[in-house]
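S.K.: Sequence first, then the predicted structure, then my questions.
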2 protein chains.
Amino acid sequence: MDDTFVIVGGDAAGMSAASKAKREDPDLGVIVFEKGEWVSYAACGMPYYVKGAVDDLEDLVAVTPEEFREKRDVDVRTGHEVVGVDPEAKSVTVDAGGERFDQPYGSLLIGTGARAVVPPFDGVDLEGVFTLGRMDEADAIETYVTDREPATAAIVGGGYIGTEMAEALSARGVGVSIFEMLPRTLQPFGEEAARVVEDHLREQGVDLHLETAVQGFSGDGRIETVDLEDGSVEAELAIVGVGVAPNAELAAEAGIELGPTGAIATDEYGRTSEEGVFAAGDCAEATNVVTGEPDHVPLALTANRAGRAIGSTVAGEPTPTGGTAATAIVKAFDLGVARTGVIDPEAARDAGFDPGSVTIEAGTRSHYYPGAETLTVTLVADRESERVLGASVVGREGAKRIDTVATAVHAGLTVTELQNLDLAYAPPFSPVWDPILTAAKVLGGKLEA
Amino acid sequence: MDDTFVIVGGDAAGMSAASKAKREDPDLGVIVFEKGEWVSYAACGMPYYVKGAVDDLEDLVAVTPEEFREKRDVDVRTGHEVVGVDPEAKSVTVDAGGERFDQPYGSLLIGTGARAVVPPFDGVDLEGVFTLGRMDEADAIETYVTDREPATAAIVGGGYIGTEMAEALSARGVGVSIFEMLPRTLQPFGEEAARVVEDHLREQGVDLHLETAVQGFSGDGRIETVDLEDGSVEAELAIVGVGVAPNAELAAEAGIELGPTGAIATDEYGRTSEEGVFAAGDCAEATNVVTGEPDHVPLALTANRAGRAIGSTVAGEPTPTGGTAATAIVKAFDLGVARTGVIDPEAARDAGFDPGSVTIEAGTRSHYYPGAETLTVTLVADRESERVLGASVVGREGAKRIDTVATAVHAGLTVTELQNLDLAYAPPFSPVWDPILTAAKVLGGKLEA
């Protein structure tokens, strides 16, 4: 029997698993099939390449295929697409530029990632209409901006990609409009954070259209306008960033179970419904540490950690992948915007909680110390148990303070326990009561009342 | 029976207690006796006043005596020194500019703070030799620097005050020498952090003398040199910052028990050995959340939190004061230096642990993102239970990440649990694996090995 560890997809989950498995068991054969040309790249860095803050697209690559092959003894094969999985035969079918072959496996990791969703818009094939999920797309956008010098851009979707690309394109001198179908931007960050972000986007000159459905794009070969229900707006460039969908088709076709979110269902070790088959990263579910339910959180740390754990497990050291608190942070021009846990009241009630919340504003440093900024903190807890459920944090500095709440959420702390944390204070770094503590004090008072 | 809440000392602990008690029970009589003229001031801000970063000494005052009297209905009496406590009679003796009277109390809070320790140096009375514990001292130092324009300053002690004053005086154009008796600066922050700080102090032009005992100061009325065992060094100004001692004499003379640290012993509600008498702040002990033992941590948050809790308790809502993790952060020129929990191996062993630790360096942002700085993280855990005991963090940005470990320490998390935290990642804010997670990964590997 072949005990080769075969990995489908050469980014965060896949390459973390490959590296860890080889480190733990140098004799294990590890093959990675990647259908594209890039492996181990930081997709999150792409907006900063377009912005011009990162000089070279290759700077986003952590480890090259050559380094994986030569230094880590991982057999990385780019331009190889896995087109079928046979869990019975323990084998995958690989297409390498038209040539097909079967590769048997002992363990298999499906790390096929996610893809940008493109709604059925008219004119999505026009020149100048992009999504941003892959490195070649980042390259194409950057080239287009450099060559065409568009005066205006339409960004469809006010999520991570939309916010980051608004900043990137503004920095390149492009006038940006954002079109968001919902009443607010940055959906997972909650209403209070969104309000602060939206004010800031407008201050930065972004033309923000909320509750605005895009119909499509028009132009003569190349985009000239974005078309709405009631008219159209000029745009010489468009980015469609309305969300991502897990690349779960390969798994589904092999009879591997998908979960309620549509991503591949996994257990606490990242195992799928088929023996010897693991899944991790943006194509797979993870367990939400607040709700205990399967969640689809296509973020880099979740992918890296799950991949690493699966690498250990395959190498003989069973290691849980760890849950997700759906912790995230995003830069929106001069703001940091962060979230963790469950913020949305409806989501909290669905998970069986009775959520109470407060939103406070507090300084990031002592009031008298130069450079203090305002931090807006929303903190959510269950009224009955007083357990901390989640938070959002927005401000010009200090948004990483979300990590304090993320840690509290993981540890299952109550609001009173959060309030009693001994956090670091000195005038240049924090007021005596850190903004997180202030939020906990106010929420504690409210829950008691 | 008089149920007046009498408070001795009008700073962090005292004024927090006064405000909270009045808010919870507006009918309660609250009297604060403060022997000086200042109340509710941020002692931690004094170095920044000397530096010139804070324009006005009064900017450091959170609430003035008038505001306490008029807006919060707290009877604040400055220039009133409590010279005796009679726990039997439930009464204090007050000296108001030579005039004495007795004030009965229902509850008493002793919040007498701490004072700068001055070793028996020769020449401490020379003009130009200062300690920095009180607002009038900050004023005196600032005035001296402005009037005398000293070219050189000797700072005795490489702790918080020494480090902050080195920065402040350097910014004022004074050449600074630090004299530290021990082999390293910033003792509570551990060896690894101290090494980084010391390199930085030297880079900033500070003349650092470690393992150097000061004998005293010489000069003709005004300081001219600092005298060592083997010679002397020119200094036109000296700051003695070798540590603080709790002002526990008033309590001790009243028969109130002191703890093993020499500060006033308290229980989890801040109660002393005498019925109705509380103590909080720099004069009192707090329970260390790692060791479970009494600790003397004269820091602002501990004082504020204990005062606030005692205010609630006195007003009829018994509230624990919360423990201390001895979390601290200090600015040393361009560095943030932070610590939490138990770092020192000997202290860990004394508390019954078998400490293992690692020190790692990691970037504060993605490696390709502009402005990334190096963070040095030392993480300590118990080998057997893998419980996280403490950490230090040093760097040009991101030292507040110590709060993640402080939260983990409070929650009793293991290294594996710390490593599995879902912390916030985006290229401008963190690498995928936050430096704290990287430290936990490396320590986890070491403890397993």
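M.R.: Yep, it's here. Predicted model, so just to flag it, every value in this text is computed and none were measured.

S.K.: Can you name the residues that contact the residue in the stretch 51-200 of chain A that chain B sits nearest to?
M.R.: Taking CB to the nearest CB, chain B has its nearest neighbour within the stretch 51-200 of chain A at A:D59, 4.1 Å off. Heads up, the C-betas are built off the backbone N, CA and C, glycines and all. By CB atoms under 8 Å, 6 or more residues apart in numbering or on different chains, the contact set of A:D59 is A:G45, A:Y49, B:Y368.

S.K.: Quick check: phi and psi at A:Y41.
M.R.: phi -110, psi 160 (degrees, to the nearest 10).

S.K.: Mind listing the residues bridging to it?
M.R.: Beta bridges link A:Y41 to A:V61, judged by DSSP bridges.

S.K.: nearest spatial neighbour of the closest residue to chain B within the stretch 151-300 of chain A, skipping sequence neighbours?
M.R.: The minimum distance from the stretch 151-300 of chain A to chain B, using CB to the nearest CB, falls at A:A300 (4.9 Å). Closest residue in space to A:A300, ignoring its immediate chain neighbours: B:V432 at 4.9 Å, by CB to CB, 6 or more residues apart in numbering or on different chains.

S.K.: Does the one you found belong to a helix, a strand or coil?
M.R.: coil (DSSP: H, G, I helix; E, B strand; the rest coil).

S.K.: count of neighbours near it?
M.R.: 23 (other CB atoms under 10 Å in any protein chain shown).

S.K.: which residues in the stretch 51-200 of chain A form helices?
M.R.: A:65-72, A:135-148, A:160-171, A:190-203 (DSSP state H, counting those that start in this stretch).

S.K.: Can you lay out those as a markdown table showing mean neighbour count?
M.R.: Compiled in a markdown table, the helices of the stretch 51-200 of chain A are given as follows (neighbours: other CB atoms under 10 Å in any protein chain shown):
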| stretch | mean neighbour count |
| --- | --- |
| helix A:65-72 | 15 |
| helix A:135-148 | 16 |
| helix A:160-171 | 25 |
| helix A:190-203 | 19 |
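
S.K.: Lowest average pLDDT across the ones you listed?
M.R.: Here the lowest mean pLDDT among these goes to helix A:65-72, at a mean of 94.

S.K.: which outside residues touch it?
M.R.: Contacts of helix A:65-72 (CB under 8 Å, 6+ apart): A:10, A:15, A:18-19, A:22-23, A:32, A:39-40, A:63, A:74-76, A:78.

S.K.: In strands, which of those fall?
M.R.: Using DSSP state E, A:V32, A:D75, A:V76, A:T78 are the members of these that sit in strands.

S.K.: Contacts only, for the spatially closest residue to A:A263 that is not a sequence neighbour.
M.R.: The spatial neighbour of A:A263 that comes closest, neighbours along the chain excluded (CB to CB, 6+ apart), is A:P246 at 3.9 Å. With contact set as CB under 8 Å, 6+ apart, A:P246 has these partners: A:T112, A:G113, A:A114, A:T261, A:G262, A:A263, A:I264, A:D282, A:C283, A:A284, A:H296, A:P298.

S.K.: quick one: the strands in the stretch 101-250 of chain A?
M.R.: A:107-110, A:114-116, A:129-130, A:152-156, A:175-179, A:207-209, A:214-218, A:225-228, A:231-234, A:238-240, A:244-246 (DSSP state E, counting those that start in this stretch).

S.K.: Listing partners with orientation, what would you give for the shortest one?
M.R.: Take DSSP bridges as the rule and strand A:129-130 pairs in its sheet with strand A:238-240 (parallel).

S.K.: distance between the partner strand and the chain's centre?
M.R.: From the chain centre to the centre of strand A:238-240 is a distance of 18 Å (CA atoms, centre = their mean, to the nearest Å).

S.K.: quick one: average pLDDT of it?
M.R.: For strand A:238-240, the mean confidence score works out to 98.

S.K.: what would the helices of the stretch 51-200 of chain A look like in a markdown table with distance to B:A351?
M.R.: Listed next are the helices of the stretch 51-200 of chain A as a markdown table, based on distance: least, CB to CB, whole Å:
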| stretch | distance to B:A351 |
| --- | --- |
| helix A:65-72 | 41 |
| helix A:135-148 | 51 |
| helix A:160-171 | 44 |
| helix A:190-203 | 41 |
